[in-house]
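Enquirer: I'd like to go over a predicted model; first the sequence, then the structure.
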Number of protein chains: 2
Amino acid sequence: MPDATNPPASVLTRRTFRRAPGDERRQDLIRATLDCVTEMGLHAVTVREIALRAGVTNGLIRHYFDSKDRMVQEAYRATMGEMTTLVKAASIIAGATARERLRRFVAANLGAPVADIKRLTLWASFISMVHVDAAMAAIHREHYLAFRRELEALVGEVFVEAGLPARKANCRRAAIKINAVIDGLWLEGTLAPEMFAKKDLVAMGIEAVESILGLSLRDFRKEK
Amino acid sequence: MPDATNPPASVLTRRTFRRAPGDERRQDLIRATLDCVTEMGLHAVTVREIALRAGVTNGLIRHYFDSKDRMVQEAYRATMGEMTTLVKAASIIAGATARERLRRFVAANLGAPVADIKRLTLWASFISMVHVDAAMAAIHREHYLAFRRELEALVGEVFVEAGLPARKANCRRAAIKINAVIDGLWLEGTLAPEMFAKKDLVAMGIEAVESILGLSLRDFRKEK
DNA sequence: GCACCTGTTATGCAACTGTATAATTAGCCC
DNA sequence: GGGCTAATTATACAGTTGCATAACAGGTGC
């Protein structure tokens, strides 16, 4: 099966290759896995297709992962971690008020590159495994809790900043509701993007969060 | 492969069968498909397993469906229709106020049998196909719009009942937000059921909807 | 009770699947 | 520059997959 990088040369030559340093190859394989799930759906993913996309032969996969299932689990972990990183990067800015950070948190979740149909396809594929595969369930749980904990802390700061009591039970309740709004709008907006202007989606998210918290998220210090 | 209902008898006897009337067999096959997706995940579903569960031989599937993909699509349509029916049945009650009906609508979405991990597994499996399969995208769109249209109408009635202006744009915006809250809480509560008391989830849903609408959903006529 | 239609079974096939294994070779250390 | 190690290729294998086809038989109409 000669390709551009490996011309047939002589009939009996082996394909040339390079040894990838560090865990570069591992990353490539995970990335290829995610691409496959995105484009073909989890049900159609095969180790051969993954290897093809990563530019290696299929035997190599078993050198890096115990099994195909294990590789898919790692891919799940990777994609969730990526989303968390993206949202954190967008919302953690020095010197900003809690309100401003919460607003950015919401906006980051509902805008590019998080609100993306490929990402949603990955997410749904993996979520569909939670009931079937205990390892996937554990990964889900881990990331859900981290997400909500972060949101809960942010809500607490917002309450304090507004001079309101920040009782833990209240923060948790609010965080659960806000988490729901974010997830739901992310789904709606990503699955039917032509039905929402991007800014509208973010605006609705912020409005809904304001309603739930019972206070404005506008940053008066900055916005005059 | 003899089983209980078809003992080997003589070595050369054919398995007995009955001709199912109407579309009974079709329904059986769809139900079997849904069971398979629920228990094994979409990626592991095979026509043989489906046939086994439906109590027929695998060749029969092609007699009812053009292909496995087509059968999965029909199963998607069926499961979404079922959820819609369940929610409608719970919220359409004669003589109730719009507020009461909206409250029931929310409760029906967040309680059994809609908030169920098996149902969520089905839903996620199918959603993961929306980006890959145009037919699945069409089915999703159809049901999403029906759901939101229903919710939009209900919100309009609630506004009117409360003596507020029910402008279409406002109703739509509110419906989108409420839809998001319902979807999000449904996800959270179903994926991590041990973290929420059932009544709590419904209570949070109703609270959030009340915040978004800016009015109470308590039915004063009935509740004293 | 016979014939006919079609729902149903039985069987086969070629392609594909995940994984195991052995042979190769790239790159590093001395 | 000559090994040594392990990353990588190549190949094989047994089981599975969706689908096609032909034979069969349940039920209906007469």
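Expert: Good, I have the coordinates. Bear in mind the structure is a predicted one, so any value in this text is a computation, not a measurement.

Enquirer: Can you pull up the residues of chain A that come close to DNA strand D?
Expert: With C-beta under 7 Å from any atom of the strand as the criterion, chain A meets DNA strand D at residues A:14-15, A:17-20, A:25, A:55-60, A:63. Glycine gets a C-beta too; all of them are placed from N, C-alpha and C.

Enquirer: could you say what helices and strands the helix of greatest length in chain A packs with?
Expert: In chain A, taking DSSP state H as the definition, the longest helix is helix A:134-161. Where contact means 3 or more C-beta pairs under 8 Å, 6 or more residues apart in numbering or on different chains; DSSP states H and E, helix A:134-161 is packed against helix A:68-91, helix A:98-110, helix A:117-127, helix A:168-191, helix A:198-213, helix B:168-191.

Enquirer: Can you redo these as a markdown table, where the extra columns are mean neighbour count and mean pLDDT?
Expert: A markdown table is the format used below for the helices and strands packed on helix A:134-161 (neighbours: other C-beta atoms under 10 Å in any protein chain shown; pLDDT from 0 to 100):
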| stretch | mean neighbour count | mean pLDDT |
| --- | --- | --- |
| helix A:68-91 | 18 | 95 |
| helix A:98-110 | 22 | 96 |
| helix A:117-127 | 22 | 97 |
| helix A:168-191 | 21 | 97 |
| helix A:198-213 | 20 | 97 |
| helix B:168-191 | 21 | 97 |
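
Enquirer: Report the central residue of chain A.
Expert: Nearest to the mean C-alpha position of chain A, by C-alpha atoms, centre = their mean, lies A:Met83 at 2.9 Å.

Enquirer: Give me the spatial nearest neighbour of that residue, chain neighbours excluded.
Expert: A:Val114 (5.9 Å; C-beta to C-beta, 6 or more residues apart in numbering or on different chains).

Enquirer: For the one you found, report the pLDDT, please.
Expert: With respect to pLDDT, A:Val114 scores 96.

Enquirer: Return the residues in contact with it.
Expert: Residues in contact with A:Val114 (C-beta atoms under 8 Å, 6 or more residues apart in numbering or on different chains) are A:Met83, A:Leu86, A:Val87, A:Ala108, A:Trp186.

Enquirer: Break chain A into its domains for me.
Expert: For chain A, automatic domain parsing gives the domain ranges A:18-65, A:69-219.

Enquirer: gap between the nearest residue in space to A:Arg218 that is not next to it in sequence and A:Trp186?
Expert: Spatial nearest neighbour of A:Arg218, chain neighbours left out: A:Arg99 (7.2 Å); criterion: C-beta to C-beta, 6+ apart. Separation of A:Arg99 from A:Trp186 (C-beta to C-beta, to the nearest Å) stands at 21 Å.

Enquirer: What parts of chain A come near DNA strand C?
Expert: Within chain A, the positions near DNA strand C by C-beta under 7 Å from any atom of the strand are A:13-14, A:16-19, A:21, A:44-49, A:58-59, A:61-62, A:67-69.

Enquirer: Which of the residues you listed fall within helices?
Expert: Counting by DSSP H, those place A:Val47, A:Arg48, A:Glu49, A:Ile61, A:Arg62, A:Lys68, A:Asp69 in helices.

Enquirer: burial count for the first one?
Expert: A count of nearby residues for A:Val47, using other C-beta atoms under 10 Å in any protein chain shown, gives 19.

Enquirer: Spell out which helix or strand contains A:Cys36, please.
Expert: A:Cys36 is located in helix A:24-40, with elements delineated by DSSP states H and E.

Enquirer: counting contacts, what elements does that helix pack onto?
Expert: With contacts defined as 3+ C-beta pairs under 8 Å, 6+ apart, the packing partners of helix A:24-40 are helix A:47-54, helix A:61-64, helix A:68-91, helix A:117-127.

Enquirer: in the longest helix of chain A, what counts as buried?
Expert: Of the residues in helix A:134-161, A:136, A:139-140, A:143-144, A:147-148, A:150-152, A:154-159 count as buried by neighbour count, 16 or more other C-beta atoms under 10 Å in any protein chain shown.

Enquirer: average model confidence for it?
Expert: Helix A:134-161 comes out at a mean pLDDT of 95.

Enquirer: now it and helix B:168-191, what's the angle there?
Expert: If you take axes from the mean of the first three to the mean of the last three C-alpha atoms, to 10 degrees, helix A:134-161 sits at 130 degrees to helix B:168-191.

Enquirer: Can you check the distance spanned by stretch A:185-201, start to finish?
Expert: In stretch A:185-201, first residue to last residue: 7 Å (C-alpha to C-alpha, to the nearest Å).

Enquirer: From the chain's centroid, how far away is that stretch?
Expert: 17 Å (C-alpha atoms, centre = their mean, to the nearest Å).

Enquirer: What residues does A:Ala137 make contact with?
Expert: Here A:Ala137 is in contact with A:Val130, A:His131 (C-beta under 8 Å, 6+ apart).

Enquirer: thinking A:Ala107 is in contact with A:Gly205, fair?
Expert: Yes - counting by C-beta atoms under 8 Å, A:Gly205 is a contact partner of A:Ala107 at 7.4 Å.

Enquirer: circling back to that earlier point, now do the helix holding A:Cys36 against helix A:47-54, angle only.
Expert: On the basis of the same axes, to 10 degrees, helix A:24-40 is oriented at 110 degrees to helix A:47-54.

Enquirer: want to try CSV for the helices and strands packed on helix A:134-161, with distance to B:Ser128 as columns?
Expert: Converted to CSV, those look like this (distance: least, C-beta to C-beta, whole Å):
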stretch, distance to B:Ser128
helix A:68-91, 12
helix A:98-110, 20
helix A:117-127, 4
helix A:168-191, 11
helix A:198-213, 21
helix B:168-191, 14
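
Enquirer: right, and those - which one's nearest B:Leu213?
Expert: B:Leu213 sits nearest to helix B:168-191 of all the helices and strands packed on helix A:134-161, at 6.1 Å, using C-beta to C-beta.

Enquirer: how far off helix A:117-127 does the closest one point, in degrees?
Expert: Between helix B:168-191 and helix A:117-127, the angle comes out at 30 degrees (the same axes, to 10 degrees).
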